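Chemist: Requesting a structural model of the entry that follows:
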Amino acid sequence: MITNLPTPPYPLEGVVSWNMNTTCNYRCSYCTQRFLDDRKRWAKDVPAFVQAFNALPGDWEVKLSGGEPFAHPRFDEVVEGLARGGRRVSVVTNLSGSDETLARFAEATSARPGLLSASLHLEFVRPAEFFPKLRRLADRPKGKVVATCVATRDTLPRLPALIEEAAALGLTLRAQ
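Modeler: Just a heads-up that it's a prediction; the model follows:
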């Protein structure tokens, strides 16, 4: 029996994921949340969440997801508050937000950008619209973007061509 092992230190860095809403403007056939009766729920106590995340000791990244986090009515306030608190802010999005909305996110997180993970949902958006929008975000300084596409029976045959299309624009597309 081993005794007297030191207690591991509490991690002072990491990633916190916050599903800040159930709201989404898509109804993908493969999404588990599409079965929710109430797809309009969102975190209402934004200041308390931001304060709690900013009070974490150490270096933390806050990953915002949902639903579609850009659909949260106070999304900009959350991002700005976390960024002011020195947190890296990442987002998992369907990239349906306007260019102006996405630019505000990029600006607010420019000091310490996290990851922007954009999911290509072929049931609702064409790659010819999605990839250029993502390319504009990939050009931000220090920003990192990744694109994913859910591999369903319908999308799987299209994935090799989509991966090539993304690569031609300097983007990476991964099957999810």
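
Chemist: For the protein, which segments count as strands?
Modeler: 13-19, 59-65, 88-93, 113-120, 144-149, 173-175 (DSSP state E).

Chemist: by how many degrees do the top helix by length along the chain and strand 88-93 diverge?
Modeler: Counting residues, the longest helix found in the chain (DSSP state H) is helix 127-138. Helix 127-138 runs at 180 degrees relative to strand 88-93, counting by axes from the mean of the first three to the mean of the last three Cα atoms, to 10 degrees.

Chemist: gap between helix 127-138 and the chain center?
Modeler: Its chain's average C-alpha position is 15 Å from that of helix 127-138, according to Cα atoms, centre = their mean, to the nearest Å.

Chemist: how about the helices in this protein?
Modeler: 46-55, 75-84, 99-108, 127-138, 159-168.

Chemist: And these: which comes nearest residue 14?
Modeler: Proximity to residue 14 (Cβ to Cβ) singles out helix 46-55 among those, at 11.5 Å. Yep, even glycine has a C-beta here, placed from its N, CA and C like the rest.

Chemist: ok, the nearest residue to residue 114 once chain neighbours are set aside - contacts?
Modeler: Of all residues not flanking residue 114 in the chain, residue 90 sits nearest, at 3.2 Å (Cβ to Cβ, 6 or more residues apart in numbering). Residue 90 makes contacts with 15, 61-64, 114-117, as judged by Cβ atoms under 8 Å, 6 or more residues apart in numbering.

Chemist: what residue ranges in the chain score low on pLDDT?
Modeler: 1-3, 7-8, 11, 33-42, 141 (pLDDT under 70).

Chemist: Please identify the most buried of the helices of the chain.
Modeler: helix 75-84 (a mean of 20; mean count of other Cβ atoms under 10 Å).

Chemist: what distance separates it from the middle of the whole chain?
Modeler: The answer for helix 75-84 is 14 Å, by Cα atoms, centre = their mean.

Chemist: So what touches that helix?
Modeler: 20, 46-47, 49-50, 53-54, 62, 64, 69, 72, 89, 101, 104-105, 108-109, 111-112.

Chemist: re earlier: could you dump the helices of the chain into TSV with distance to residue 25 added?
Modeler: Formatted as TSV, the helices of the chain follow (distance: least, Cβ to Cβ, whole Å):
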stretch	distance to residue 25
helix 46-55	20
helix 75-84	13
helix 99-108	12
helix 127-138	14
helix 159-168	22
